[in-house]
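*Asks:* The sequence and its predicted three-dimensional model are supplied below.
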Number of protein chains: 2
Amino acid sequence: MEQVDRRVRRTRKSLEDALIALTLEKEYDEITIQEITERADVGYRTFFRHYSDKDDLLKDVLNSTMMELRDLMSPPTPEMLVDPDFKAADFMEGVVLFQHVKEHCDLYRVLLRSERTLVESVMAFIIDEMEENLGSLLIEGLSMEILANHMAWSMLALVRWWLDSEMPYSPEIMGEYSFRLVFKPAREMIFQMNPELPTNQ
Amino acid sequence: MEQVDRRVRRTRKSLEDALIALTLEKEYDEITIQEITERADVGYRTFFRHYSDKDDLLKDVLNSTMMELRDLMSPPTPEMLVDPDFKAADFMEGVVLFQHVKEHCDLYRVLLRSERTLVESVMAFIIDEMEENLGSLLIEGLSMEILANHMAWSMLALVRWWLDSEMPYSPEIMGEYSFRLVFKPAREMIFQMNPELPTNQ
DNA sequence: GTGTTATGGCACACAGTATGCCATAATTCA
DNA sequence: TGAATTATGGCATACTGTGTGCCATAACAC
């Protein structure tokens, strides 16, 4: 059961592929819509029949992959952060992220080389989810807003470095780095600021 | 002894002020050179007699402030990272940074709202300096490249959040957060990976 | 005061975006 | 298979913003 016209599917696919290919060659903001349509072998006029602008096409390209990651990575819950023995779980979060990045490295490169504002909107979404999950942990003198912001952007920085360096380490090793540099310190801070939690440090 | 023509000084100052004012109102890439010259009350043609493009003007605006920060913040040396009792020093590094940001918050906002590529070039410079200072610490299984990249971008994320949130905490509190979330974990990782260093954990 | 130089305002070429129009080709569905 | 529908290609066009050439004028340095 085909819902959309085959021509539409073909055109959209060509435009998506063209944007990905071009982003791997040059900076996102140096790419023109004319180049995209030429590479996709599609009429210039046709672009605007599907997307309002370049960012709109990019969102379309990233949408399914980002939703996949969202389902794959449950944001850290209060239980995870508070349970003293949860090393394995945070660690796996990191590994899962780096594995997903490796599987879709072209798409992640597209995202990371796109405009600042788009990355920020994706991150804002992730941080909001994290904050919601951490909301129940109200600890005086500790801002869950800072914590969520720090974890999300620090993880992004690790991913960005990894991709820019042509992924010299395995997802497992990167998971270990992210655990030691990001997850563990955040968890330790929660423990140290809240005397009521069971301490095992 | 005035070296440059007063008219030149006046024009450049007007253009710099206009860019700062406009950046606080809207996104950097939405600002046109026409707007800048109108706000500065300078002829459109005159802009190109001083700067090749918008980024060129922005670099000029940020240059002196970034050089000031560079002198203020010595990058972490191996001694600092390795000395078990250096908490006070890392802590002060963070405080100094947040104090400088507070003093020049408008300029930092301009930088953080500018194009991705400019922020990246400033960060690359900082990371290079860090790596050079960490170069003597060769520990098997621990990448100083990751460590330098992580520290620099994590600190930037904290600064960015602080500015976007209208600086709700003092530079001292932000210094404490940066120590606990960034400097201390990096230092601990070095200790744990190198059995030859004196451990006090 | 005089020679020098920065500026302003004009015109212009150019690149890229975005839309309207219409003939044509591809597709869907009966 | 054939008719109605719909997406596409190509053309012209308006618009915005960049970047440059030219020249009279005003501000400056000495």
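*Replies:* Alright, I've got the coordinates. Since we're looking at a predicted model, the values are computed, not measured.
*Asks:* mind giving me the domain split of chain A?
*Replies:* Structural domains assigned to chain A are A:6-51, A:59-193, following automatic domain parsing.
*Asks:* Ok, which of the ones you listed comes nearest B:D55?
*Replies:* domain A:6-51 (11.7 Å; Cβ to Cβ). The C-beta positions use only the backbone N, C-alpha and C, and glycine is treated the same way.
*Asks:* mind checking how far that closest one is from the chain centre?
*Replies:* 23 Å (Cα atoms, centre = their mean, to the nearest Å).
*Asks:* what about that domain, near DNA strand C?
*Replies:* Yes: shown here: domain A:6-51 in contact with DNA strand C (Cβ under 7 Å from any atom of the strand) through A:R6, A:R7, A:R10, A:T32, A:I33, A:Q34, A:Y44, A:R45, A:F48.
*Asks:* could I get these as CSV with distance to B:L181, neighbour count and secondary structure?
*Replies:* Listed next are the residues of domain A:6-51 next to DNA strand C as CSV, based on distance: Cβ to Cβ, whole Å; neighbours: other Cβ atoms under 10 Å in any protein chain shown; DSSP: H, G, I helix; E, B strand; the rest coil:
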residue, distance to B:L181, neighbour count, secondary structure
A:R6, 52, 8, helix
A:R7, 52, 9, helix
A:R10, 49, 12, helix
A:T32, 41, 11, coil
A:I33, 42, 16, helix
A:Q34, 45, 10, helix
A:Y44, 49, 11, helix
A:R45, 51, 8, helix
A:F48, 45, 12, helix
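*Asks:* nearest to chain B, of the domains of chain A?
*Replies:* domain A:59-193 (3.5 Å; Cβ to the nearest Cβ).
*Asks:* ok, that closest one near chain B or not?
*Replies:* Yes: applying Cβ under 8 Å from any Cβ of the partner chain, one finds domain A:59-193 touching chain B at A:115-117, A:143, A:145-147, A:149-150, A:153-154, A:157-158, A:160-161, A:165, A:169, A:177, A:180-182, A:184-186, A:188-189.
*Asks:* Mind checking which of the residues you listed are in helices?
*Replies:* Here DSSP state H is the test, and the residues of domain A:59-193 next to chain B give A:116-117, A:145-147, A:149-150, A:153-154, A:157-158, A:160-161, A:177, A:184-186, A:188-189 as lying in helices.
*Asks:* Mark which of those are buried, thanks.
*Replies:* Taking 16 or more other Cβ atoms under 10 Å in any protein chain shown as the criterion, what is buried in those is A:116, A:146-147, A:149-150, A:153-154, A:157-158, A:160-161, A:177, A:184-186, A:188-189.
*Asks:* A:A148 is in contact with A:M130, isn't it?
*Replies:* Yes: assessed by Cβ atoms under 8 Å, A:A148 is found in contact with A:M130 at 3.9 Å.
*Asks:* so after the helix or strand of chain A with the lowest mean pLDDT, what's the next helix or strand?
*Replies:* The helix or strand of chain A with the poorest confidence is helix A:78-82; it has a mean of 67 (mean pLDDT, DSSP states H and E). On the C-terminal side of helix A:78-82, the closest following helix or strand by DSSP states H and E is helix A:87-103.
*Asks:* and chain A, which residues reach DNA strand D?
*Replies:* So chain A meets DNA strand D at A:5, A:7-8, A:10-11, A:41-46, A:49-50 (Cβ under 7 Å from any atom of the strand).
*Asks:* so which pair among those is furthest apart in space?
*Replies:* With Cβ to Cβ as the measure, no two of the residues of chain A next to DNA strand D lie farther apart than A:D5 and A:Y44, at 20.0 Å.
*Asks:* re the thing from before, with pLDDT added, can I get the residues of domain A:6-51 next to DNA strand C in JSON lines?
*Replies:* JSON lines is the format used below for the residues of domain A:6-51 next to DNA strand C (pLDDT from 0 to 100):
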{"residue": "A:R6", "pLDDT": "93"}
{"residue": "A:R7", "pLDDT": "95"}
{"residue": "A:R10", "pLDDT": "96"}
{"residue": "A:T32", "pLDDT": "97"}
{"residue": "A:I33", "pLDDT": "98"}
{"residue": "A:Q34", "pLDDT": "97"}
{"residue": "A:Y44", "pLDDT": "97"}
{"residue": "A:R45", "pLDDT": "97"}
{"residue": "A:F48", "pLDDT": "98"}
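*Asks:* Pick the one among the residues you listed closest to B:L15.
*Replies:* Of all the residues of domain A:6-51 next to DNA strand C, B:L15 sits closest to A:T32, with 28.1 Å by Cβ to Cβ.
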